[in-house]
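S.K.: what follows is a predicted protein model with its sequence.
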Amino acid sequence: MARIVGAVMTSHIPAIGGAIAKGRQDEPYWKPFFGAFGEARDWLARVRPDVAVVVYNDHGLQFFLDKMPTFAVGAADEYRNADEGWGLPTQPPYRGDAAFSWHLIESLVADEFDVTMCQEVLVDHAFTVPLQLLWPGKVACPVATVPVMVNTVQHPMPSPARCLKFGRALGRAIASWPADVRVLVLGTGGLSHQLEGKRAGFINRDFDRMCMAKIVEEPDALGAYSIPQLVELAGSQGTELVNWLIARAALAGRVAKVHSNYHVPISNTASGLMVLENTS
Amino acid sequence: MGDTLFDGRQARKGYALNKMCYSFNSAENRAEFQRDEDAYCRKFGLNEAQRAAIRRRNVLELLAAGGNVYYLAKFAGIFGLDVQDIGAQQTGMTKDEFKAMLATERK
């Protein structure tokens, strides 16, 4: 049976992709961010995942406002990255696992999460940047992938409580796959940031630190926030916290924190990294 | 807090503007816009307020006209502007002031 080895949550800021492309990882601005990934990579080398289920939000590469799914799951053997309009180099294609994806879709829908099924997905920086951070310098990402996309572009967005339930259903779906594979769940985005309006540049360190503490042992405490409360406390793009909640909730067993990092600012954003191991 | 949530009302109001900005994922479309901005705006059916905000490169006006920041970021990208440039513009700061503000711990 498939086994979830753990979860990694990380920010997915486009500027990180730019810094990787320009080789700036060791510059003073970037070192406190990139330097924290060594321990995450050491852990990955130890638990050796075969597949990464990547929970993220598309930012207008794949989805437009004409059709905006709340939850969508990729079901292809390959996913392509493409031009997002502001100069990030396009990454090589990512390997999918369509049979595993269809199993996840079957299980999620049976579990009352009626996801949108996607046989073609253009994956944006929120998918590519975290994979580049975890497996740097590779021509192709060494693990198979499943994109799981959550709407954080247009309100109404799924609530944190709903996302915790979705994460638990995703965990059950993964664990019921008969193949003997090790699965990493990756939740990308956050932490506090706001790009638009007079409150652009809003960051809330106290709230972020509280979220990083609670998500390990008490994720349900974070499920008590509404989306408008998250907007107020974490900024309008701070709603990406729901991707972290889904990844956390997919871990059904006992959870141990392996590593974490919090660094402000990267671009306009408070960056966070969390590595959680599923210990049972 | 004064933020306008990008809800159904905003999404309807800004549909043409956001659809145009979504088209800027393509280099070919970005070039076509730059050849004749107003013709490109008309092709997508932008209203007068939206076209004026595009001409002025004014992010707060684009938001007020129904723009969504994720699509507007693709418009800004045409001019090589990043999210700190647009953050500075919206808050009336220089880019350096905006970056200093981000790095400052506030209570």
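M.R.: Happy to help now that I have it. Numbering: from 1, shown residues only, chains lettered A, B, ... in the order given.

S.K.: from here on, just use CA atoms for contacts and neighbour counts.
M.R.: Noted.

S.K.: who in chain B is up against chain A?
M.R.: Neighbours of chain A within chain B, by Cα under 8 Å from any Cα of the partner chain: B:1, B:3, B:5-8, B:11, B:15, B:19, B:22, B:24-27, B:60, B:63, B:69-71, B:74-75, B:77-78, B:80, B:83-84, B:86-87, B:90-91, B:98, B:101-103, B:105.

S.K.: same thing but at 6 Å, please
M.R.: B:6-7, B:24-25, B:70, B:74, B:77, B:87, B:90-91, B:103 (Cα under 6 Å from any Cα of the partner chain).

S.K.: now name the helix or strand holding the residue sitting nearest the centre point of chain B.
M.R.: Note on chain B: the residue nearest the mean C-alpha position is residue B:72, at 3.2 Å, using Cα atoms, centre = their mean. If you go by DSSP states H and E, residue B:72 is part of helix B:69-78.

S.K.: who touches that helix?
M.R.: With contact meaning Cα atoms under 6 Å, 6 or more residues apart in numbering or on different chains, helix B:69-78 is reached by A:59, A:85-86, B:18, B:21-22, B:24.

S.K.: who are the contact partners of the residue in the stretch 101-250 of chain A positioned nearest to chain B?
M.R.: Of all residues in the stretch 101-250 of chain A, residue A:155 sits closest to chain B, at 4.5 Å by Cα to the nearest Cα. Neighbouring residues of residue A:155 by Cα under 6 Å, 6+ apart: B:6-7.

S.K.: residue A:19: which of the residues of chain B next to chain A is nearest?
M.R.: residue B:77 (16.6 Å; Cα to Cα).

S.K.: tally of neighbours for the closest one?
M.R.: Neighbour count of residue B:77, defined by other Cα atoms under 10 Å in any protein chain shown: 18.

S.K.: quick check: the gap between it and residue B:31.
M.R.: Look at residue B:77 and residue B:31: by Cα to Cα, to the nearest Å, they are 12 Å apart.

S.K.: tell me which parts of chain A are close to chain B?
M.R.: A:59, A:83-86, A:154-155, A:198, A:200, A:265.

S.K.: after the helix holding residue B:72 comes which helix or strand?
M.R.: Next helix or strand after helix B:69-78 toward the C-terminus (DSSP H and E): helix B:83-91.

S.K.: and the contacts of that following helix?
M.R.: Contact partners of helix B:83-91, identified using Cα under 6 Å, 6+ apart, comprise A:198, A:200, B:94-95, B:98.

S.K.: now that helix: mean pLDDT?
M.R.: For helix B:83-91, mean pLDDT is 94.

S.K.: just the CA coordinates of stretch B:58-74, formatted as PDB?
M.R.: Below are the C-alpha coordinates for stretch B:58-74, written out as PDB (Å, rounded to 0.1, in the frame of the first residue of the first chain):
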ATOM      1  CA  ASN B  58      -2.400  53.000 -12.300                       C
ATOM      2  CA  VAL B  59      -2.800  49.900 -10.200                       C
ATOM      3  CA  LEU B  60      -5.300  51.300  -7.700                       C
ATOM      4  CA  GLU B  61      -7.500  52.500 -10.600                       C
ATOM      5  CA  LEU B  62      -7.200  49.100 -12.300                       C
ATOM      6  CA  LEU B  63      -8.300  47.400  -9.000                       C
ATOM      7  CA  ALA B  64     -11.200  49.800  -8.700                       C
ATOM      8  CA  ALA B  65     -12.200  49.000 -12.300                       C
ATOM      9  CA  GLY B  66     -12.500  45.300 -11.300                       C
ATOM     10  CA  GLY B  67      -8.900  44.200 -11.900                       C
ATOM     11  CA  ASN B  68      -7.600  41.100 -10.000                       C
ATOM     12  CA  VAL B  69      -4.000  41.400  -8.900                       C
ATOM     13  CA  TYR B  70      -2.900  38.000 -10.300                       C
ATOM     14  CA  TYR B  71      -3.900  39.100 -13.800                       C
ATOM     15  CA  LEU B  72      -2.800  42.700 -13.400                       C
ATOM     16  CA  ALA B  73       0.700  41.300 -12.500                       C
ATOM     17  CA  LYS B  74       0.900  40.000 -16.100                       C
END
